[in-house]
Structures are given as C-alpha cells and as structure tokens.
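Trainee: the sequence and its predicted three-dimensional model are supplied below.
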Amino acid sequence: MSIKRIMSMVLAGALLMGALGACTPAPPPPGPADPGPAATVPAPPGTPAEPSPPPAEGATGSLTFAMQGEPSTLAPHRHTLIAGLHINSMTHDTLFGMHYADYSAVPRLISNIEFISDTEFLFTLHEGIMFHHGREMTAEDVVGSLQWVRQYPEARGVHLSLEVEDIHYVSRYQFRLETRIPIATLFDDLAGTGNAIFPMDLVDAGHDFHTDPIGSGPFEFVEWNVGDSLHLTAFDDYFNPERAARIRDMHFRIIPEGTSRTIAYEMGEVDFIIDVPFPDIRRLEALPDTTVVMLPSPQWNMLHLNHQTPQFSNIYVRRALMMATDQEAIALGAFDGFASPTRAQAPLVFPGTTAEGIIPYDPAGAAALLAEHGIDPADIGFEMLVATEERRRIAEIMQAQFAEKLGIPTTITMMDGGVWASTVLAGDYEAAMGQWASGWLISGWRNQVLGDIPGTPNRNHVNNPEMNALINQGIATVDFNARAAIFEEVSRMVNEYVVVIPTHITYTFRAFNSNLRAPEMAGLSTVMNFNMMYWVD
C-alpha cells in the first residue's frame with residue numbers, strides 16, 4: 001500500500017501557504033502588473049522526487065477514470081463546470097496555462113511577448129501548432145476566437161470580453177491585444193478555458209463544438225456516451241513534444257454515487273478516482289497497491305443566496321443565517337473532518353483578503369436579530385439546490401441547523417450539474433450549494449460579487465454599487481500592494497454584507513493505482529495535467 005498526503009496547517013480557516021516545488025517552469029516575462037507575493041500550495045506528489053518523464057516517444061496504454069459529474073457541454077466557452085473543465089483542458093489549448101504548483105500563468109501557445117504599454121501587448125505564437133483536424137493555428141484563429149466567445153454568456157465572467165478593447169491581426173504568427181484599462185490578471189485570464197483557441201474555419205462552418213470539441217490540445221475527442229462515459233486519445237501531432245501525452249487512451253466513466261466509484265476501483269474497472277467519496281477515504285487507504293493523496297486547495301464552498309429574492313434581499317436575514325451556521329459541524333458531519341471550516345466570504349489564503357467583518361457564530365443572536373426586525377422565520381422558508389451527494393450532505397446539516405436554531409423551514413432538491421448551473425445563472429432559484437475554484441482572487445470577486453458584468457450577473461445576483469466600484473478599481477490596479485489594500489476593503493465589506501453562507505475550504509483527494517505516476521496535480525481541482533501522467537512497471 002502506498003499512501004501519500006500533502007497537508008497544510010489550518011489557521012482561522014486559511015490554508016498555510018507552502019513553498020514552490022522544484023522543476024518549476026520559468027514564469028512569463030514580467031507583465032503589466034507587479035505580481036507581488038504569490039499564494040502558493042505545497043508541490044504535489046511526484047515533485048521533485050518523481051519529476052516529469054522525458055519527452056514521450058509515443059503514447060501507449062490506457063487509463064480509466066471514475067468521475068462524479070458529467071459535462072453539460074464539451075465546448076469550453078459554454079460553461080464553468082469542473083467536470084467539463086477536465087475534458088476541456090485536454091482537448092483545447094490556451095495562450096497561457098496555469099502552473100500546477102503555484103497557479104501562476106505560464107506561456108503555452110505563445111513564444112514571445114512584447115510589452116508595448118500597460119494596456120497593449122504584441123504576442124507571437126509558436127509555429128507548427130496543429131489543430132486536431134489537420135490545419136496549423138495562426139494569429140487569425142486567436143483573434144477570431146477571442147472575439148467569437150464574447151457572444152456567449154454562460155462563462156462571460158471568465159472570458160476576456162470584460163477587459164479587451166481590441167485584438168488586431170499583425171501577421172501569420174503575431175497579434176496585438178489592447179485592453180481598456182490596465183488589467184492585473186490579464187495572463188491569468190488568458191489561461192482560462194473560456195479563452196481557448198478554436199479553429200476559425202470550423203467556427204465559420206458552424207461546427208458543433210458541444211459534442212465534437214476539436215482544438216489543439218494534447219488529446220483529441222473520440223466518443224461521448226451521454227450519461228455513461230467519455231473517450232479521448234493522444235494527439236500525435238501535438239506541437240510541444242515535452243508536453244505530449246504519455247498515455248494513448250483516456251477513458252472517463254460517469255459514476256455519480258460515491259460508493260459505486262469506490263467499488264468500480266476495487267473491482268479493477270477504473271484506475272483512478274477523480275472525485276474520491278469522503279466516507280471511503282480510509283477504505284481506499286487500506287487497499288494494496290493504491291495511492292491516496294490529499295492536497296490543500298483554494299476551493300471555496302458556500303450556500304449561494306439569490307439576492308433578488310424577497311428573503312435574501314434583506315441583509316438581516318442573510319446575517320441571521322450566517323450567525324446560525326455551524327461550519328465546524330459541517331466539516332465534521334459531511335466530510336469526517338477532511339475539510340477546513342471557514343466563515344470568510346473568500347479564501348483567506350489569497351493576498352487581499354481579511355477576517356475583519358466576519359459575522360460570528362451566534363444562534364441566539366440570530367434569533368434576536370430576526371425578532372428585532374420583525375421577521376417571522378416561517379416567512380423565510382426556502383429551497384436549496386444541490387448537484388452532488390457531498391453538497392446534499394452539507395445542505396442536510398444546514399437544514400437541521402436552520403430549523404433547530406431559527407425555526408426556518410427548508411427543502412432540498414437534487415439535480416444534474418448542468419441543470420444546476422443553468423438554473424443558478426438564470427436566477428431561477430432561492431439558494432444553492434456550490435463551489436468556486438480559482439487560483440486568483442479576482443476570479444472569485446468577478447463571479448461571486450461583481451454585479452455590473454454586462455449581459456449576465458454573478459451567481460448570487462447581487463449588485464452593490466459600492467462593492468462593484470472597488471472591485472473594478474482593484475482589477476485595474478497593477479501595483480500589488482495597492483491592489484491588495486483595495487481588495488482588503490472589498491473583503492471586509494463582503495464579510496459584513498454576507499453575499500453567501502461560506503461552509504468550508506476543500507481538501508482535494510485523489511486515489512489511483514500505485515503503478516501510475518501523476519506528477520502534475522494540484523489542490524485546485526481544475527488543474528490536473530493528464531498529458532503528464534504515465535505508467536511504470
């Protein structure tokens with residue numbers, strides 16, 4: 001039995017920031033923003049004792065994964081669901097990638113950047129980047145892709161459409177990008193799958209990327225049996241031999257129920273459990289020839305509150321629910337203690353966050369607050385939407401807490417992840433258990449708090465002009481210390497305003513055959529470089 005754990009201490013709900021692992025690729029040239037201190041996590045197993053293998057001479061073998069959720073679409077610009085992002089990261093490349101050890105943006109498709117000003121950049125593509133259908137990528141594809149995705153609202157909060165003023169074709173391998181204002185996280189945004197590069201000849205022909213995701217990634221699509229499985233295979237013409245796939249065929253089985261995933265692994269039907277069920281962690285650790293890893297992460301979990309509903313437009317109702325929520329009981333009851341309870345409105349691991357303004361646990365005070373403002377708990381009753389069994393367990397604990405401590409009735413509705421996402425985005429809900437996974441704070445603010453994104457609100461449908469102004473000011477502030485000070489004020493305001501009911505910071509678990517090497521996994525669940533995985537004897 002091989003058991004590896006990468007852990008961090010937990011202080012006041014924050015993850016202890018660790019040191020970078022060895023073998024870290026060189027970062028991109030200094031950008032328009034001073035990066036300042038980075039929020040980092042310990043390097044995952046395989047670094048540096050098990051470095052990435054030498055360049056692949058040809059992909060061989062197969063690997064079968066068990067995953068809990070199913071993509072709602074295979075088109076990377078049409079969703080923000082983790083299950084889909086796993087597949088998108090294999091089929092589509094972006095201009096930058098996210099480094100697995102510290103979540104910094106590192107060049108992927110680009111070979112050079114010329115910094116013309118704080119708002120203008122000249123990018124040069126690598127030559128010889130091939131799309132899966134056999135055509136070379138050019139700057140026309142980049143310009144066309146980054147303009148084309150703007151029309152789709154599903155992932156607009158992570159598209160570049162919020163900041164880009166214009167994108168200009170310069171030559172076959174060069175393009176110029178201009179932003180409206182200086183953007184502190186421009187390269188990070190370019191690393192998001194919402195800004196993947198598409199073959200524009202297929203876009204113009206009306207190709208269906210939803211079911212046939214043709215891109216330039218290290219794997220190409222083979223088959224999707226909806227409700228059952230996905231199959232990808234190594235792309236032999238991948239432009240970067242050092243990052244080419246080591247394993248030929250990747251199979252993904254959709255197994256929603258946790259124990260069923262564990263049984264499939266025990267029976268040898270799958271080699272790797274992506275979504276490890278928390279009740280089965282000890283069971284998996286006891287298995288021979290099995291590696292179980294636990295990685296700290298900035299994945300932040302919460303009960304979304306729709307601020308457009310009568311209940312949650314009232315700040316006293318939101319504060320009362322926050323005061324009645326026992327996050328420690330949630331971490332223990334839903335995750336057997338394998339989670340870090342937090343009351344902060346954003347992960348405190350990020351520079352620019354603060355514990356100031358956090359509403360304390362005080363159920364008696366919560367009841368008194370409702371009574372003081374003449375609010376009848378029976379009138380607050382609401383429905384909680386959930387998409388996974390873990391989130392259902394959280395909702396059940398919160399349901400009991402709200403009923404026992406405040407007399408607030410709630411119901412729980414389980415639904416498919418894609419339906420959950422579209423329902424929350426449309427605002428057709430009252431409350432919903434959710435998660436946000438990001439390597440930088442700005443992404444969280446934009447998609448949870450910022451209320452003036454054209455065309456689509458954030459998940460919580462909150463729109464506070466004062467918070468909007470501060471977030472936008474921070475996004476446009478390139479100096480690290482000045483930006484952190486602005487975001488600390490945002491963090492304090494959001495803590496007091498209670499945008500969501502935070503529950504915990506997740507530990508990411510993976511379980512897999514000990515003959516497999518997975519040297520580039522991160523606590524951030526969307527960062528798992530499948531192309532670098534390989535089998536050993």
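Mentor: Received the coordinates, thanks.
Trainee: mind giving me the packing neighbours of the top strand by length along the chain?
Mentor: Longest strand in the chain by number of residues, with DSSP state E as the criterion: strand 290-305. Packing contacts for strand 290-305, counted by 3 or more CB pairs under 8 Å, 6 or more residues apart in numbering; DSSP states H and E, involve strand 2-3, strand 14-15, helix 281-285, helix 315-324, helix 389-406, strand 431-436, strand 500-513. From N, CA and C alone the C-beta is placed, and that goes for glycine too.
Trainee: tell me the angle that strand makes with strand 431-436.
Mentor: 130 degrees (axes from the mean of the first three to the mean of the last three CA atoms, to 10 degrees).
Trainee: show the average pLDDT along strand 290-305.
Mentor: Across strand 290-305, the average pLDDT comes to 90.
Trainee: just give the nearest non-adjacent residue to A320, would you?
Mentor: Spatial nearest neighbour of A320, chain neighbours left out: A366 (4.2 Å); criterion: CB to CB, 6 or more residues apart in numbering.
Trainee: now the helices and strands packed on strand 290-305 in TSV, with mean pLDDT?
Mentor: Shown next, in TSV, are those (pLDDT from 0 to 100):
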stretch	mean pLDDT
strand 2-3	37
strand 14-15	30
helix 281-285	94
helix 315-324	98
helix 389-406	96
strand 431-436	92
strand 500-513	93
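Trainee: can you tell which of these is closest to V478?
Mentor: For those, proximity to V478 was assessed by CB to CB; strand 431-436 is nearest, at 24.2 Å.
Trainee: ok, residues contacting the closest one?
Mentor: 82, 299-306, 312, 382-387, 391-392, 394-395, 410, 420, 423-424, 443-444, 447-448, 459, 506 (CB atoms under 8 Å, 6 or more residues apart in numbering).
Trainee: kindly report the same for stretch 334-345.
Mentor: Under CB under 8 Å, 6+ apart, the answer for stretch 334-345 is 10, 13-15, 278-279, 281, 294, 300-301, 322, 327-328, 330-331, 348, 353, 355, 358-361, 390, 393-394, 397, 491, 494-495, 498-500, 502-507, 509.
Trainee: please repeat the previous calculation with a cut-off of 6 Å.
Mentor: 10, 13, 278, 327-328, 331, 358, 393-394, 397, 494-495, 499, 502, 504-505, 507 (CB atoms under 6 Å, 6 or more residues apart in numbering).
Trainee: same check on stretch 106-124?
Mentor: Identification of contacts with stretch 106-124 by CB under 6 Å, 6+ apart yields 25, 28-29, 32, 93-97, 99, 125-126, 173-179, 182.
Trainee: that stretch: end-to-end distance?
Mentor: Here the two ends of stretch 106-124 are set 14 Å apart, with distance taken as CA to CA, to the nearest Å.
Trainee: same thing with stretch 516-528?
Mentor: With CA to CA as the measure, what separates the two termini of stretch 516-528 is 14 Å.
Trainee: now do the buried residues in that stretch.
Mentor: 516-528 (16 or more other CB atoms under 10 Å).
Trainee: which ones among those residues are found in strands?
Mentor: Per DSSP E, the buried residues of stretch 516-528 map to strands at L516, R517.
Trainee: between the buried residues of stretch 516-528, which is nearest D249?
Mentor: L516 (14.0 Å).
Trainee: which one is the closest one nearest to, not counting chain neighbours?
Mentor: In space, L516 is closest to W535, 5.9 Å off (CB to CB, 6+ apart).
Trainee: let me see the contact set for that neighbour.
Mentor: Neighbouring residues of W535 by CB under 6 Å, 6+ apart: G61, N515, L516.
Trainee: got the residues you listed as a markdown table, with distance to I273 columns?
Mentor: Shown next, in a markdown table, are the contacts of W535 (distance: CB to CB, whole Å):
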| residue | distance to I273 |
| --- | --- |
| G61 | 19 |
| N515 | 15 |
| L516 | 12 |
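Trainee: for these, which one is nearest H86?
Mentor: Among those, and counting by CB to CB, the member closest to H86 is L516, at 16.3 Å.
Trainee: what pLDDT does the closest one get?
Mentor: 96.
Trainee: please apply the same query to T179.
Mentor: Here the pLDDT value assigned to T179 is 89.
Trainee: for S117, see how far away it is.
Mentor: In this view, T179 and S117 are 10 Å apart by CB to CB, to the nearest Å.
Trainee: same check, this time on S145
Mentor: Taking CB to CB as the measure, S145 falls 24 Å from S117.
Trainee: repeat for M98
Mentor: Where S117 is concerned, M98 sits at a distance of 25 Å (CB to CB).
Trainee: also L177?
Mentor: Per CB to CB, L177 is found 11 Å from S117.
Trainee: who's more crowded, the two?
Mentor: More neighbours surround L177 than the other of L177 and S117, with 24 against 10 (other CB atoms under 10 Å).
Trainee: A helix includes the more buried one, no?
Mentor: No: under DSSP: H, G, I helix; E, B strand; the rest coil, L177 falls outside any helix and is assigned strand.
Trainee: identify the residues contacting it.
Mentor: By CB under 6 Å, 6+ apart, the residues touching L177 are F121, I167.
Trainee: now do the SS call for T477.
Mentor: coil.
Trainee: in this structure it contacts R483, no?
Mentor: Yes: using CB atoms under 6 Å, T477 makes contact with R483 at a distance of 4.2 Å.
Trainee: who has more neighbours, these two?
Mentor: Neighbours of T477 and R483, each counted by other CB under 10 Å, are more numerous for R483; the result is 24 against 21.
Trainee: give me the element the more buried one is part of.
Mentor: helix 480-497 (DSSP states H and E).
Trainee: gap between the two ends of stretch 311-318?
Mentor: End-to-end distance (CA to CA), stretch 311-318: 8 Å.
Trainee: ChimeraX command to pick out the buried ones of the contacts of stretch 106-124?
Mentor: Restricted to buried positions by 16+ other CB under 10 Å, the ChimeraX selection for those reads:
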select :28,32,93,94,95,96,97,99,125,173,174,175,176,177,179,182
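Trainee: so of the contacts of stretch 106-124, which ones are in strands?
Mentor: Short answer: the contacts of stretch 106-124 in strands (DSSP E) are F96, G97, L125, Q174, F175, R176, L177, E178, T179.
Trainee: among those residues, which pair sits farthest apart?
Mentor: With CB to CB as the measure, no two of the ones in strands among the contacts of stretch 106-124 lie farther apart than G97 and E178, at 22.9 Å.
Trainee: excluding chain neighbours, what is closest to R135?
Mentor: Using CB to CB, 6+ apart and skipping the chain neighbours, the partner closest in space to R135 is P199 (6.1 Å).
Trainee: quick check: the one you found vs G134, distance?
Mentor: Distance from P199 to G134, by CB to CB: 10 Å.
Trainee: between the two, which has more neighbouring residues?
Mentor: Using other CB under 10 Å as the criterion, P199 and G134 rank with P199 on top: 25 against 8.
Trainee: which pLDDT value belongs to the nearest residue to M323 once chain neighbours are set aside?
Mentor: Excluding its sequence neighbours, the residue lying closest to M323 (CB to CB, 6+ apart) is A366, at 3.7 Å. On the pLDDT scale, A366 is placed at 98.
Trainee: distance check, A366 against R135.
Mentor: Plainly put, A366 is 60 Å away from R135 if you go by CB to CB.
Trainee: continuing past the helix or strand where E220 lies, what's the next helix or strand?
Mentor: Under the criterion of DSSP H and E, E220 resides in strand 219-225. Heading C-terminal from strand 219-225, the first helix or strand you meet, by DSSP H and E, is strand 229-234.
Trainee: could you point out which element follows that following strand?
Mentor: strand 247-254.
Trainee: for that next one, packing partners?
Mentor: If you count contacts as 3 or more CB pairs under 6 Å, 6 or more residues apart in numbering; DSSP states H and E, strand 247-254 packs onto strand 60-67, strand 229-234.
Trainee: how about 8 Å then?
Mentor: If contacts are counted by 3+ CB pairs under 8 Å, 6+ apart, strand 247-254 sits against strand 60-67, helix 82-91, strand 229-234.
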